[in-house]
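> no FASTA, just this:
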């Protein structure tokens, strides 16, 4: 499975025009070229561009074919009338997390952890991840639904994508002794250049999804 991630900042003063463009042109164009948008988020806590859009594809070839479509090229050009600091990346699932039910999760927040794996620790990290870190995160209220490897982008790193329903759940989880203990082990033994971000849904993807459902039911 592959994820196409686009990030940007909305140009100040163009927020309303941006929202109209995303709902009326950008999301329909992404769907038309075969990029299945599964979420739009804005950063609540952490560094980087404020807005993140994620689209899923089963294979890299279908993603490449989508990028070559005239609709994708034109809508991406037009997007730049409303945003700044645009960047994108391609992620591939690592196979270490069960992603059988991965897809659009309406109204959910993300607690994402980013890091590079220390060379030579992959086997030990895999055991730690599956048998200690993921179970602990689930216990404190953060369900990790994917682990991605950045294969095209500025930094080749791993991304652990955690799912929660609100900011309070993330804050409560991060305050627990279990989280702090195992995070220290992650940083001491396996991870370097670690950072994390908390992202909330923008609501635009959810709105487009709901409107699509309403339209189909008419």
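Alright, I've got the coordinates. If you're wondering where the values come from, they're calculated on a predicted model, not measured in any experiment. Numbering: from 1, shown residues only.
> residues contacting residue 41?
By Cβ atoms under 8 Å, 6 or more residues apart in numbering, the contact list for residue 41 reads 51, 52, 53, 54, 110, 199, 200, 201, 202. No exception for glycine: its C-beta is placed from N, CA and C like everyone else's.
> ok, 6 Å please
Counting by Cβ atoms under 6 Å, 6 or more residues apart in numbering, residue 41 makes contact with 52, 199, 201.
> what strand or helix carries it?
In this structure, residue 41 sits in strand 36-45 according to DSSP states H and E.
> adjacent strands (with direction) for that strand?
Strand pairing for strand 36-45, using DSSP bridges, gives strand 51-57 (antiparallel), strand 191-201 (antiparallel).
> isn't there a strand covering residue 170?
No. Counting by DSSP: H, G, I helix; E, B strand; the rest coil, residue 170 falls outside a strand, being helix.
> hmm, it is touching residue 111, no?
Yes. The pair residue 170 / residue 111 is scored as a contact, 4.9 Å apart, by Cβ atoms under 6 Å.
> and those two? Which one has more around it.
Set residue 170 next to residue 111 and count neighbours by other Cβ atoms under 10 Å: residue 111 wins out with 26 against 22.
> might one say that the more buried one is in contact with residue 141?
No. If you go by Cβ under 6 Å, residue 111 and residue 141 don't touch, sitting 9.5 Å apart.
> quick check, pLDDT for the residue most central in space within the chain.
Central residue of the chain (Cα atoms, centre = their mean): residue 54, 5.6 Å from the mean position. Per-residue confidence (pLDDT) for residue 54: 92.
> who does it form a beta bridge with?
Under the criterion DSSP bridges, residue 54 forms beta bridges with residue 5, residue 39.
> show the contacting residues for it.
Listed by Cβ under 6 Å, 6+ apart, the contact partners of residue 54 are 3, 5, 38, 39.
> which among these end up buried?
Buried by 16 or more other Cβ atoms under 10 Å: 3, 5, 38, 39, out of the contacts of residue 54.
> tell me the one of the residues you listed nearest residue 88?
residue 5 (6.3 Å; Cβ to Cβ).
> give me the local confidence score for the closest one.
Predicted confidence (pLDDT) for residue 5: 94.
> was I right about it contacting residue 89?
Yes. If you go by Cβ under 6 Å, residue 5 and residue 89 touch, sitting 4.9 Å apart.
> any idea which helix or strand of this protein has the worst average confidence?
The weakest-scoring helix or strand in the chain, judged by mean pLDDT, DSSP states H and E, is helix 204-217 (a mean of 54).
> in the protein, where is pLDDT below threshold?
By pLDDT under 70, the low-scoring segments of the chain are 204-218.
> how close does residue 195 sit to residue 135?
Between residue 195 and residue 135 the distance is 23 Å, computed by Cβ to Cβ, to the nearest Å.
> residue 31 now?
In terms of Cβ to Cβ, residue 31 sits 36 Å off from residue 135.
> over to residue 202?
According to Cβ to Cβ, residue 202 and residue 135 sit 31 Å apart.
> higher neighbour count, those two?
More crowded of residue 202 and residue 135, by other Cβ under 10 Å: residue 202, with 18 against 13.
> in contact with that one, which residues?
Residue 202 neighbours (Cβ under 6 Å, 6+ apart): 40, 42.
> can you tell me how far it sits from residue 116?
To residue 116, residue 202 is 28 Å away according to Cβ to Cβ.
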